[in-house]
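K.L.:
Test case, fold it:
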Amino acid sequence: MFRIFKYLSAKFKWLTAIAVVFTVLQVAAFLVVPNFIGQLVGLIVEKTQPNYAAFANTQRVITILRIDLVFKNANDAIIKILIYFISFLLIGTIAGFISSYFSSYISNAGAKDVRNRLWRHLGTLSQKDIDTFTHARIITCFTIDISRIQVGIASFIRTMIIGPSYLALGLIFGLLTDLNLSLVFSVMIPLLSATMMISGIIIGPLFKKEQKAYDEINNQSRENVMGSKVIKSYNLEEIQLKKFDNANNNWHNVAKKSWFSFNLTFNFINLITNISSISIFFVVGLTSRNINDTILFQKAISNGTTFTNYVMFITIGVVMSSFVAFTMARAYVSTKRISEILDKKGDIEFIKSDKKITNGVLEFDHVTFRYHESSERNVLEDISFTLKPGQTLGIIGPTGSGKSTIAKLASLDFKTSHGFIKIDGNNITEIDTLSLRNAISHVYQKPALLSGTIKSNLLLANPEASEQDIIDAAKASCAFEYINRFKNKFEHRLEQKANNLSGGQKQRLSIAQGLIRNPKILILDDSTSALDAKTEALVRHNIKEKFANSPLATIIIAQKISSIIDADNILVLEHGRIIGQGTHEQLMKSNKLYKEIALSQLGGENE
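P.N.:
Below is the predicted model of the structure:
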């Protein structure tokens, strides 16, 4: 739990220190109050004694926590002790209010700070880094884990101080009040400690299991929402419902055990406390029944009342400490999970450098790549090519041959295992990160469109784009025609994931996003798969025209020969290796696999 504070800014640490000081002041003030209550009860009981009038005006010396207070008479003692009582009560209440305010502010603002830090950190990680965590786990971190840390921070600032302080100081003040009655603690404290220890041993592992069960529920929910079309088309509702039900039941069973253990702990604590209180009253009754001296009788009643209050403080301390153990156990698990992400050092660092992209000459120099060092085989092996501005590189090959991996390496989503990638002669890992991201537009097969207007989605790619830039990008991607048919045109609202657009419309809008950035290198990663041949050819033509004055290096990754037929150079991949390279005409003569693909798609028109 303590490690979460290293992610908070200095302001929160100072505020935490202030909150802790006021919490300590609250505890100290409230722990003195039982002594005043006991003395007031004793003095009032004293007034009921038959011989009270004989010594009503005599001087009184009342001991509170081994400090002697001198009063003129009984009435003077009652009035002044009442004033002390109210004063300390007000001090404790005001200190508690201030501490609660700071605690609430720190826990809420701190949780927000950690959430923002987590979001920013994920943005610095490569896809390979992010893939080491499941999507369900990341979602849980942003929701449940952050909420538990929020409760944990509040518990740390207040409950973690109040609980143990009430427990420890209640014991000390009880000993100072009456040593004989303190014998009750010799049985009470060990029983309470044993109860808490056993509870912690049982509940701790259950919380870890509960957290994993939450992840599985999130995972199942995500699968069902994202795969709803497939589930319905194959009538898999019952199977998916059963899988979700199993995950939900697993969480329910674990949560039921953890909460049962927690409630059982509280019941044992209440039982021990009640027995202790009865024992105190029993001892006070036995020791005071033969006392004839009014002052001594008053002292016995005062000590008994004070001591009973300290037993209640100790009980509150134990309950709060149990609550702290409960929330801290959860917060510890959540903190550990979030820390694993925040402490994850990405393979790719954000670099500020004088090496910037000016032309966009892309070179792969004997590049080999595998996703994990433990992988049995390389995804790409010995890939070499050079792509200059104004040229188009086509990449084709069977599924799983490594086509999209080349695109991800060119965008620096991953680092090479061996070999080098250079842009304008500079190693890609040494180029200024901002310059790299601005110079490369990577358009994916599945467009990443957000809910909002068409215009807002285009401006995400280039916030400084003018109205004319937006129109030009839409025209080049052949999206302008259908956008113009909407009543609100570029202000037309898109649903989540742009589900109110067709597949082809989404892809054209996504290409417009890539073009509006005016990149040096454009990567079309199977991003025209939903377009008909005529529209696709027109998009390629428009892109060449748009960038006629500032030549663009283009990579087209495709399954269709028609997408790359006009490319200046075509790579044919199989099992991560280049098995053919050249123009369409050259490959039709020299590469068997390419020819087979071409004949299966184009028939005999290219023979």
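
K.L.:
In contact with the residue lying closest to residue 546 once chain neighbours are set aside, which residues are there?
P.N.:
Closest residue to residue 546 apart from its sequence neighbours, by C-beta to C-beta, 6 or more residues apart in numbering: residue 476 at 4.6 Å. Every residue, glycine included, has its C-beta placed from N, CA and C. By C-beta atoms under 8 Å, 6 or more residues apart in numbering, residue 476 lies in contact with 511-512, 515, 539, 542-543, 545-546.

K.L.:
quick one: which of the residues you listed is nearest residue 365?
P.N.:
Residue 365 lies nearest to residue 543 out of the contacts of residue 476, by C-beta to C-beta, at 27.0 Å.

K.L.:
what sits against the closest one?
P.N.:
Contact analysis of residue 543 by C-beta under 8 Å, 6+ apart lists 476, 515, 522, 552, 554.

K.L.:
which SSE is it in?
P.N.:
If you go by DSSP states H and E, residue 543 is part of helix 533-546.

K.L.:
could you point out where the stretch 201-350 of the chain is predicted with low confidence?
P.N.:
229, 233-234, 287-301, 326, 347-348 (pLDDT under 70).

K.L.:
Let me see the ranges of the helices in it.
P.N.:
228-233, 237-288, 294-342 (DSSP state H, counting those that start in this stretch).

K.L.:
Please apply the same query to the stretch 1-150 of the chain.
P.N.:
For the stretch 1-150 of the chain, applying DSSP H, counting those that start in this stretch gives helices covering 10-47, 74-124, 127-130, 135-140, 146-154.

K.L.:
Now for the residue lying closest to residue 127 once chain neighbours are set aside, how many residues are close by?
P.N.:
What sits nearest to residue 127 in space, not counting adjacent residues and going by C-beta to C-beta, 6+ apart, is residue 413, at 4.7 Å. Here the number of neighbours of residue 413 (other C-beta atoms under 10 Å) works out to 18.

K.L.:
again with residue 452
P.N.:
Neighbour tally, residue 452, other C-beta under 10 Å: 15.

K.L.:
which residues touch the residue nearest to it when sequence neighbours are not counted?
P.N.:
Excluding the flanking residues, the one nearest residue 452 by C-beta to C-beta, 6+ apart is residue 494, at 6.2 Å. Residue 494 sits next to 449-454, 457, 500-501 when contact means C-beta under 8 Å, 6+ apart.

K.L.:
Likewise for residue 111?
P.N.:
By C-beta under 8 Å, 6+ apart, residue 111 lies in contact with 146-147, 149-150, 153.

K.L.:
Equivalent analysis for residue 568, please.
P.N.:
Residues in contact with residue 568 (C-beta under 8 Å, 6+ apart) are 391-393, 583.

K.L.:
And the contacts of residue 494, which of them are buried?
P.N.:
The neighbour-count test (16 or more other C-beta atoms under 10 Å) marks 449, 454, 457, 501 as buried among the contacts of residue 494.

K.L.:
Farthest-apart pair in the residues you listed, please.
P.N.:
Pairwise distances across the buried ones among the contacts of residue 494 peak at 10.5 Å for 457 and 501 (criterion: C-beta to C-beta).

K.L.:
any shared contact partners between those two?
P.N.:
Counting by C-beta under 8 Å, 6+ apart, the residues touching both residue 457 and residue 501 are 449, 494, 509.

K.L.:
And the last one, which helix or strand is it part of?
P.N.:
In this structure, residue 509 is located in helix 503-516 according to DSSP H and E.

K.L.:
who does that helix touch, helix- and strand-wise?
P.N.:
strand 440-443, helix 454-461, helix 467-476, helix 480-485, strand 521-525, helix 533-546 (3 or more C-beta pairs under 8 Å, 6 or more residues apart in numbering; DSSP states H and E).

K.L.:
of all these, which lies closest to residue 313?
P.N.:
For residue 313, the closest of these is helix 454-461, at 57.6 Å, according to C-beta to C-beta.

K.L.:
State the mean pLDDT of that closest one.
P.N.:
For helix 454-461, the mean per-residue pLDDT is 90.

K.L.:
Go through it and flag the buried ones.
P.N.:
Neighbour counts using 16+ other C-beta under 10 Å place 454-455, 457-459, 461 of helix 454-461 among the buried residues.

K.L.:
same check, this time on stretch 26-37
P.N.:
For stretch 26-37, by 16+ other C-beta under 10 Å, it's 26-27, 29-37.

K.L.:
between the helix holding residue 543 and strand 521-525, what angle do the directions make?
P.N.:
Angle of helix 533-546 versus strand 521-525, following axes from the mean of the first three to the mean of the last three C-alpha atoms, to 10 degrees, is 170 degrees.

K.L.:
how about the CA coordinates for helix 533-546, as CSV?
P.N.:
The C-alpha trace of helix 533-546 is given here as CSV (Å, rounded to 0.1, in the frame of the first residue of the first chain):
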residue,chain,number,x,y,z
ALA,A,533,-11.8,-2.6,-56.9
LYS,A,534,-13.0,0.6,-58.7
THR,A,535,-13.1,2.6,-55.4
GLU,A,536,-9.8,1.2,-54.2
ALA,A,537,-8.0,2.1,-57.5
LEU,A,538,-9.5,5.6,-57.2
VAL,A,539,-8.2,6.0,-53.6
ARG,A,540,-4.7,5.0,-54.7
HIS,A,541,-4.9,7.4,-57.7
ASN,A,542,-6.1,10.3,-55.4
ILE,A,543,-3.3,9.7,-52.9
LYS,A,544,-0.7,10.0,-55.7
GLU,A,545,-2.3,13.2,-56.9
LYS,A,546,-2.6,14.7,-53.4
